[in-house]
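Colleague: I would like to see how this sequence folds:
(2 chains)
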Amino acid sequence: MPDRIADAPRLEDVLRVLEGRFSEAVAGHDFAKGELTVRVRTERLADVLRFLKAEQGFAALQDMIGLDRGPETAAGSKRFAVLYQVYRPADRVRLRISVDADEAEGLPSAVAVWKSADWAEREIFDMFGLRFAGHPGLRRIYLDEAFDGHPLRKDFPLQGRSGGL
Amino acid sequence: MAFKEIALNMGPQHPSTHGVLRLKLAVDNEVVISLEPVLGYLHRGMEKLWENLTYTQIVPLTDRLDYLAALSNNLGFVLAVEKLAGIEVPKRGQVLRVVLAELQRLASHLAWVGFQANDIGAMSVLLYGFEARERILDLFEEYVGARLTVHGIRIGGVPRDFDPAFVRKIERTLDGLPAKLRDIELLLNENRIWKERTQGVGVITAAEAVDFGLTGPPLRATGTRWDIRKDVPYSSYEDFEFDVPLGSAGDVYDRYLVRMEEMRQSLGIVRQALARLPDGDFTAKVPRILRIPPAEVFHTIEAPKGELGFYIRSNGTDKPERVKMKSPSFINLMSLAHMSRGNLFSDVIGILGSLDIVLGEIDK
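Modeller: Predicted coordinates for the structure are as follows:
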């Protein structure tokens, strides 16, 4: 499994294209275990996702993954991250876009780009409490509307809370 | 007749929703205007739980996701852990996994065809499908002692080797299956009622299907060649010869045809594997306590229901920092509303069934 991006020419091409087109939006990248993660700034996320789908052939959003770094995140950095796992069927290239997020700002919705983002964003909202601006019907997907809290946050207790729902 | 929209509720205790799923429908007479699935009745917080268990402890819990294809869940999770930890599985272990995964695909598709026909009103097919599936579950029982929650794939390989007697038993079971598949096809393929209830019903185009993230047989029924076993091979699938059956109409009937043909291909894969089982170990040596340095991977497999994936992020301890499951049933169910709009209310049952969802995997 390649650990240097030079050994994965198709991923290296994608990275060069993204850096060329969005030089100010690409905050960095990681390449390990044959997988490329491109870190994108929140302000340009919507443009990057649209560009990947419309001009780079990433027809499928395979999954969206929410991450919580915990409540004690250092000042100046954001607590949450969302990963977009996108796939280009033509040459079977998989790419991960990573964007930082915090609860107050939220993120722009990707539903207008890929319909598969619909339930994925509702799940992240349900589990982490992140809002997606422009989502056609953002509400909880698994838990009851009356439930208080977001279980996949690191400060939510595993055993639940006394009183519960 | 004047237009009148009626709200209709289906489930969560409806026998044709395949578990505890509720559908909120709006119908105009018998035509579906809109539909909304309501999920979460089976939500157990698996992903939260996994953050608090070791990698080894998580594997048996994956059995409880898609409980009709537990081995596929095991395989999906274990492959992601192995990629994360850099564990090389010996060739024999890889091929034994292929045998187990393809037997599981057969069992899952046989249960599906039985349920689907039963939902549409052809009850005898249920008995044929389940009778054939029993023979495969017998093999799992002999191999690991369980029929459904098998925990039959472990980190590093498989729990035990196949001895020659067991290989012969699998081969004998396979010998009986083509006749059983033919029985089912004789009952259904040219059955007028079956065709009227499935052809042109629940249609989705290839482009829409990809946009909705649809995978597995419902996607291939639209004519899209998309099979992870071929596209991004894992566990030595690249060594086997098999076709990817495709449909063209993207309707319920084509989903049925695709699954029937997939079963024949699975039979072929298992036969090839058993005929040339490589020598060597069936499992790699894996440390008793598996601590994985900080890293992240996303790995997917072609499960019977569609593309099953796991994102795992490690943090240097023996427990993962985060596990996210890409559940094919969850994603496939999202397009149900689109497929059902404009169809008859009674066809929603057939369309829902044709997606082959399992609520254990949807609600996690």
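Colleague: got the residues of chain B near chain A?
Modeller: Residues of chain B lying near chain A by CB under 8 Å from any CB of the partner chain: B:39-40, B:43, B:45, B:47-49, B:52, B:83-84, B:86, B:208, B:210-213, B:226, B:231-232, B:295-298, B:300, B:307, B:309, B:311, B:313, B:322, B:324, B:326, B:330-331, B:334-335, B:363-364. For every residue, glycine as well, the C-beta is placed using N, CA and C.
Colleague: redo that, cut-off 7 Å
Modeller: B:39-40, B:43, B:45, B:47-48, B:52, B:83, B:210-213, B:226, B:231-232, B:295, B:297-298, B:309, B:311, B:322, B:324, B:326, B:330-331, B:334, B:363 (CB under 7 Å from any CB of the partner chain).
Colleague: give the ChimeraX command for selecting the buried subset of those.
Modeller: A single ChimeraX command selects the buried members of the residues of chain B next to chain A (16 or more other CB atoms under 10 Å in any protein chain shown):
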select /B:39,40,43,45,47,48,83,210,211,212,213,226,232,295,297,298,309,311,322,324,326,330,331,334,363
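Colleague: so residue B:48 makes contact with residue A:157?
Modeller: No - the pair residue B:48 / residue A:157 is not scored as a contact, 9.7 Å apart, by CB atoms under 7 Å.
Colleague: shared neighbours, the two?
Modeller: Any residue near both residue B:48 and residue A:157 by CB atoms under 7 Å, 6 or more residues apart in numbering or on different chains counts here, and not one turns up.
Colleague: number of nearby residues for residue B:235?
Modeller: 21 (other CB atoms under 10 Å in any protein chain shown).
Colleague: from chain A, how far out is it?
Modeller: 15 Å (CB to the nearest CB, to the nearest Å).
Colleague: I'd assumed that residue was in a strand, is it?
Modeller: No - counting by DSSP: H, G, I helix; E, B strand; the rest coil, one finds residue B:235 to be coil, located in no strand.
Colleague: and it, its phi and psi?
Modeller: Per-residue torsions, residue B:235: phi 50, psi 40 (degrees, to the nearest 10).
Colleague: wait, what's in contact with it?
Modeller: B:79, B:94, B:97, B:98.
Colleague: can you pull the contacts of the residue in the stretch 51-200 of chain B positioned nearest to chain A?
Modeller: Per CB to the nearest CB, residue B:52 is where the stretch 51-200 of chain B lies closest to chain A, at 5.3 Å. Contact analysis of residue B:52 by CB under 7 Å, 6+ apart lists A:158, B:319.
Colleague: mind checking the SS state of it?
Modeller: Following three-state DSSP, we place residue B:52 in the coil state.
Colleague: for residue 159, give me phi and psi.
Modeller: I'll assume chain A. According to degrees, to the nearest 10, residue A:159 has phi -80, psi 0.
Colleague: correction: the question concerned chain B.
Modeller: phi -70, psi -30.
Colleague: relative to residue B:220, how far out is the residue nearest to it when sequence neighbours are not counted?
Modeller: Excluding the flanking residues, the one nearest residue B:159 by CB to CB, 6 or more residues apart in numbering or on different chains is residue B:144, at 6.1 Å. Separation of residue B:144 from residue B:220 (CB to CB, to the nearest Å) stands at 30 Å.
Colleague: contacts only, for the residue in chain A positioned nearest to chain B.
Modeller: Proximity to chain B, evaluated over chain A using CB to the nearest CB, is greatest for residue A:116 at 3.0 Å. When contacts are counted by CB under 7 Å, 6+ apart, residue A:116 touches A:61, B:211, B:212, B:213, B:331, B:334.
Colleague: mind redoing it with 6 Å?
Modeller: Counting by CB atoms under 6 Å, 6 or more residues apart in numbering or on different chains, residue A:116 touches A:61, B:212, B:213.
Colleague: just put the residues you listed in TSV and tack on pLDDT, distance to residue A:69 and secondary structure.
Modeller: As requested, these are arranged in TSV below (pLDDT from 0 to 100; distance: CB to CB, whole Å; DSSP: H, G, I helix; E, B strand; the rest coil):
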residue	pLDDT	distance to residue A:69	secondary structure
A:61	94	23	strand
B:212	94	31	coil
B:213	92	27	coil
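Colleague: need the residues you listed in JSON lines with distance to residue B:356, can you?
Modeller: JSON lines is the format used below for the contacts of residue A:116 (distance: CB to CB, whole Å):
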{"residue": "A:61", "distance to residue B:356": "22"}
{"residue": "B:212", "distance to residue B:356": "16"}
{"residue": "B:213", "distance to residue B:356": "15"}
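Colleague: buried ones in stretch A:141-156, by neighbour count?
Modeller: In stretch A:141-156, counting by 16+ other CB under 10 Å, buried: A:141, A:142, A:143, A:150, A:151, A:152, A:153, A:156.
Colleague: how far off centre is it?
Modeller: Distance of stretch A:141-156 from the chain centroid (CA atoms, centre = their mean, to the nearest Å) equals 19 Å.
Colleague: with stretch B:245-256 instead?
Modeller: Taking the mean of its C-alpha atoms, stretch B:245-256 sits 17 Å from the chain's own mean (CA atoms, centre = their mean).
Colleague: residue B:38 is in contact with residue B:20, isn't it?
Modeller: No - checked against CB atoms under 6 Å, the pair residue B:38 and residue B:20 is beyond contact range at 9.9 Å.
Colleague: neighbour count: the two, which is higher?
Modeller: Taking other CB under 10 Å, residue B:38 and residue B:20 do not tie; residue B:20 has more neighbours (18 against 15).
Colleague: apart from its neighbours in sequence, what residue is nearest the residue in chain B positioned nearest to chain A?
Modeller: When distances are taken as CB to the nearest CB, chain B reaches nearest to chain A at residue B:213, 3.0 Å away. Nearest non-adjacent residue to residue B:213, counting by CB to CB, 6+ apart: residue A:116, 3.0 Å away.
Colleague: against residue B:303, how distant is that neighbour?
Modeller: Counting by CB to CB, the gap from residue A:116 to residue B:303 is 17 Å.
Colleague: how many residues are close by residue B:69?
Modeller: Residue B:69: 30 neighbours (other CB under 10 Å).
Colleague: how about residue B:102?
Modeller: 28.
Colleague: cool, and residue A:76?
Modeller: 5.
Colleague: distance-wise, check it relative to residue A:100.
Modeller: Residue A:76 is 11 Å from residue A:100, by CB to CB.
Colleague: repeat that for residue B:86.
Modeller: In terms of CB to CB, residue B:86 sits 28 Å off from residue A:100.
Colleague: how about low-confidence regions in chain A?
Modeller: A:1-2, A:162-165 (pLDDT under 70).
Colleague: that one: strands as residue ranges?
Modeller: A:26-32, A:35-40, A:60-68, A:80-88, A:93-101, A:107-108, A:132-133 (DSSP state E).
Colleague: any idea which of those strands is most buried?
Modeller: Among the strands of chain A, strand A:60-68 has the highest mean neighbour count (mean count of other CB atoms under 10 Å in any protein chain shown), at a mean of 24.
Colleague: tell me which other helices or strands that one touches.
Modeller: Counting contacts by 3 or more CB pairs under 6 Å, 6 or more residues apart in numbering or on different chains; DSSP states H and E, strand A:60-68 packs against strand A:80-88, helix A:117-128, strand B:320-326.
Colleague: returning to what we had before: so what's the residue count around the residue nearest to residue B:159?
Modeller: By other CB under 10 Å, the residues close to residue B:144 number 18.
Colleague: near chain B, which residues of chain A show up?
Modeller: Counting by CB under 6 Å from any CB of the partner chain, chain A comes close to chain B at A:32-33, A:59-60, A:63, A:65, A:67, A:85, A:92, A:115-116, A:119, A:141-142, A:151-152, A:158.
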